[in-house]
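> here are the coordinates; sequence isn't available:
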């Protein structure tokens, strides 16, 4: 449906279009999604909608503006490098894919609002040629609507049986029947066009209610056992540079005299103007953290004070089997002056995440760009993060060599701290699951999109691993920033936001898109 080809709105895009995909095309359904040929009538299933003639839905072309791929590539060299290496494509083709990714979140929001009974989700198919695949119960109007978007030749619409709204409503019902949480314990798998009941945490695999809840879902549903994981706890490396930024070491003395720690995630700012540092909750909450914890930078060196665990109000949680693993750390007395931008320092005083390019880091971009800072522009909600996105994570886990004065994080010899990029593999258990290497000591570290500086999450736990990164399919799990902000603000009323400037000594406004 729609035009056979489309002139791209961006300049400088390159890379071959898949032969089977044309602008606004209606493609075949994914192998794990139900065929639209068997679609029931509009009355026969939750979220269902037959693709009948005479549809009255709004099929006007979507108006979308995208940055040129070359411009995006300059802001996302590690993401381009990752795609080039992983899928053996040219840098121009990788840049095109990152630019399409940047466009996909606002496109998804538009389609969900305009086609609530038809839109069924989207994902980036990196293995299939960097195609943005849009699922719809009635593909024709959706295909016409997206036919003119930038890079439309790489946007494909596939037929499925159930809308995203219908699946989301079914997930809420199943979660209610099991006494669980929708979006965390019962989630929507957009690629499979079904819901997943995740067992092993809040829901036991042998729960007597499970079979009945799945049977009564009204949409395809199945149970999936969550894999075992380990926390990426303890001791990051150091980087004592103003301003405080995401991706640096925070050492935490424990009750038993040992020292642990994590990686700083993002700067947060309350509506009062006060600044905080976000990291993982298991850094300061747990069996060896019954006392009031203070965090330090380079604990075995200069011992620079950073923050202190907040108890009034309580701003740290480590709740088992939930995404609530976060610590919002206020500064120790006098420490904000050590970490804030100097007064009248000039420049835009942006809030930063450290792109830490250490010698030995396998990312080829290190050879050309070196270490740098990524400016944080706000955060992307968990609901908008899509499977297939290329994202980047910074950690500072390290096991010292002989003679080095660092606390051993347990990372294992051969692990190099810094920034690595990978793809979002799934969204389960309320977390963002990413194929990226991480080690103990990276916990709390930032997950972000490199091209636009959007905060996504902080490292919670993931696959076990020690030493050098050798498994390209290693998966680690990130607690969404939006989940943390919603939780903290509902419990405290502090009006926390991801800071886009600072930390500053003089409070100023901060905005999130």
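Right, received. Where do you want to start? Given the structure is predicted, the values throughout are model-derived calculations rather than measurements. Numbers count the residues shown, from 1 in each chain.
> got the residue ranges for the strands in the stretch 301-450 of the chain?
Listed in chain order, the strands of the stretch 301-450 of the chain (DSSP state E, counting those that start in this stretch) span 304-308, 316-318, 325-330, 352-355, 372-375, 378-379, 390-395, 418-428, 431-435, 446-449.
> From residue 473, how far off is residue 68?
Between residue 68 and residue 473 the computed distance is 32 Å (Cβ to Cβ, to the nearest Å). In this view, the C-beta of every residue, glycine as well, is placed from N, C-alpha and C.
> now the helices: where do they sit in this protein?
69-75, 77-87, 91-114, 139-146, 164-177, 210-215, 336-339, 365-368, 481-492 (DSSP state H).
> Where does the prediction get shaky in the stretch 101-250 of the chain?
The stretch 101-250 of the chain contains residues with pLDDT under 70 at 229-238.
> just the helices of the chain: most buried one?
Comparing these by mean neighbour count (mean count of other Cβ atoms under 10 Å), helix 139-146 ranks first with a mean of 25.
> Which residues are in contact with the residue nearest to the spatial centre of the chain?
Computing the C-alpha centroid of the chain and ranking residues by Cα atoms, centre = their mean puts residue 456 first, at 4.0 Å. By Cβ atoms under 8 Å, 6 or more residues apart in numbering, the residues touching residue 456 are 379-380, 385, 391, 432, 447-449, 478, 480-481.
> nearest residue to it other than its sequence neighbours?
Nearest non-adjacent residue to residue 456, counting by Cβ to Cβ, 6 or more residues apart in numbering: residue 447, 4.5 Å away.
> Neighbours of the one you found, how many?
Other residues within reach of residue 447, judged by other Cβ atoms under 10 Å, total 31.
> My guess is it contacts residue 393. True?
Yes - applying Cβ atoms under 8 Å, one finds residue 447 in contact with residue 393, separated by 4.9 Å.
> any common contacting residues for these two?
Residues touching both residue 447 and residue 393 by Cβ under 8 Å, 6+ apart: 434, 459, 478.
> Please identify which of these is nearest to residue 500.
residue 478 (20.1 Å; Cβ to Cβ).
> Check what pLDDT residue 408 gets.
pLDDT, residue 408: 84.
> What are the neighbouring residues in contact with the closest residue to it other than its chain neighbours?
Nearest residue to residue 408, sequence neighbours excluded (Cβ to Cβ, 6+ apart): residue 399, at 5.1 Å. The contact partners of residue 399, taken as Cβ under 8 Å, 6+ apart, are 408-413, 415.
> Where does pLDDT dip in the stretch 301-450 of the chain?
Within the stretch 301-450 of the chain, the stretches with pLDDT under 70 are 344-346, 358-370.
> how close does residue 103 get to residue 165?
Look at residue 103 and residue 165: by Cβ to Cβ, they are 22 Å apart.
> how deep is residue 209 tucked in, by neighbour count?
Residues contacting residue 209 under the criterion other Cβ under 10 Å number 14.
> err, residue 178, not the other one
22.
> Tell me if I'm right that it and residue 208 touch.
No - using Cβ under 8 Å as the test, residue 178 is too far from residue 208 to be in contact (10.4 Å).
> Look up the closest residue to residue 296, ignoring the ones flanking it.
Distances taken as Cβ to Cβ, 6+ apart place residue 251 nearest to residue 296, at 4.7 Å, with adjacent residues excluded.
> how close does the residue nearest to residue 408 get to residue 416?
The spacing between residue 399 and residue 416, counted by Cβ to Cβ, is 11 Å.
> again, but for residue 223
38 Å.
> With residue 123 instead?
Distance from residue 123 to residue 416, counting by Cβ to Cβ: 31 Å.
> just residue 219 next, same as before
45 Å.
> same check, this time on residue 126
From residue 126 to residue 416 the distance is 25 Å (Cβ to Cβ).
> Repeat that for residue 258.
Going from residue 258 to residue 416 by Cβ to Cβ gives 24 Å.
> and the two? which has more neighbours close in?
The neighbour comparison of residue 258 against residue 416 (other Cβ under 10 Å) goes to residue 416, with 21 against 12.
> Quick check: bridge partners of the spatially closest residue to residue 214 that is not a sequence neighbour?
Once flanking residues are discounted, residue 214 sits nearest to residue 221: 4.6 Å by Cβ to Cβ, 6+ apart. The partner list for residue 221 in beta bridges (DSSP bridges) reads residue 195.
> count of neighbours near residue 221?
By other Cβ under 10 Å, neighbour count at residue 221 equals 20.
> My read is that it contacts residue 167, right?
No - at 9.2 Å, residue 221 does not count as touching residue 167 under the criterion of Cβ under 8 Å.
> can you list residues touching both of these two?
Between them, residue 221 and residue 167 share the contacting residues 194-195, judged by Cβ under 8 Å, 6+ apart.
> Which residues are in contact with residue 450?
75-79, 355, 374, 390-392, 421.
> ok, now how distant is residue 102 from residue 451?
Residue 102 is 6 Å from residue 451, by Cβ to Cβ.
> pretty sure residue 269 is touching residue 494, no?
No - contact between residue 269 and residue 494 fails when scored by Cβ under 8 Å: they sit 9.7 Å apart.
> between the two, who's got more neighbours?
Higher neighbour count among residue 269 and residue 494: residue 269, with 25 against 19, using other Cβ under 10 Å.
> hmm, back to that, nearest to residue 194, out of the helices of the chain?
Proximity to residue 194, assessed across these by Cβ to Cβ, is greatest for helix 164-177 (7.3 Å).
> Tell me which other helices or strands that closest one touches.
strand 119-125, strand 186-189, strand 194-199, helix 210-215 (3 or more Cβ pairs under 8 Å, 6 or more residues apart in numbering; DSSP states H and E).
> 6 Å instead, please
strand 119-125, strand 186-189, strand 194-199 (3 or more Cβ pairs under 6 Å, 6 or more residues apart in numbering; DSSP states H and E).
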